[in-house]
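Student: Have a look at this prediction, sequence included:
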Amino acid sequence: MTGWVLIRRGHRDAHKTMMLVAFVTSILFLVVYLVYHGAMLHYTGEGQVKFQGTGAVRAVYFAILITHVVLAVAVPVLAIVTIRRGLRQQWEAHRRIARITFPIWVYVSLTGVIIYLMLYHWKPL
């Protein structure tokens, strides 16, 4: 979000730095996430936590989870293309793809937190 605000205010260099930091942070998160779930699978035989909710909340959870996973697969590719066009100063092409990449990246980030909260902190009645 900070990168978006920076570019809207015309701070191109700060935007570039912030977006590269965001990309590296996302890659580090993905590596840690995959290592953690791989270790869970190796040591416990299960790489995931089962959602405990029932009824309508279960349907909501899986709707969020499915859209999150599908779009999460697209984010690295979209991000790489967006960053590459920015670094090559292909501004119009960068803007076009960024208008697609940014909302998907935000959605995946927010739904990831929601999924985490629903799995580990939501207590079914």
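Tutor: Looks like it came in fine.

Student: Would you map the helices across this structure?
Tutor: 2-8, 12-44, 56-87, 91-120 (DSSP state H).

Student: what's the closest of the ones you listed to residue 50?
Tutor: helix 91-120 (8.6 Å; Cβ to Cβ). In this view, the C-beta of every residue, glycine as well, is placed from N, C-alpha and C.

Student: Any idea how far that closest one is from the middle of the chain?
Tutor: 5 Å (Cα atoms, centre = their mean, to the nearest Å).

Student: From the contact counts, what lies against the worst-scoring helix or strand of the chain on mean pLDDT?
Tutor: Of all helical and strand segments in the chain, the minimum by mean pLDDT, DSSP states H and E falls on helix 12-44, at a mean of 91. With contacts taken as 3 or more Cβ pairs under 8 Å, 6 or more residues apart in numbering; DSSP states H and E, helix 12-44 sits against helix 2-8, helix 56-87.

Student: Reformat the helices of the chain as CSV; add distance to residue 50.
Tutor: Below are the helices of the chain laid out as CSV (distance: least, Cβ to Cβ, whole Å):
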stretch, distance to residue 50
helix 2-8, 36
helix 12-44, 12
helix 56-87, 11
helix 91-120, 9
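
Student: would you list those helices in TSV and tack on mean neighbour count?
Tutor: Output for the helices of the chain, formatted as TSV (neighbours: other Cβ atoms under 10 Å):
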stretch	mean neighbour count
helix 2-8	15
helix 12-44	13
helix 56-87	15
helix 91-120	15
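
Student: per-domain residue ranges of the protein.
Tutor: In terms of domains, the chain is parsed into 1-48, 49-125 (source: automatic domain parsing).
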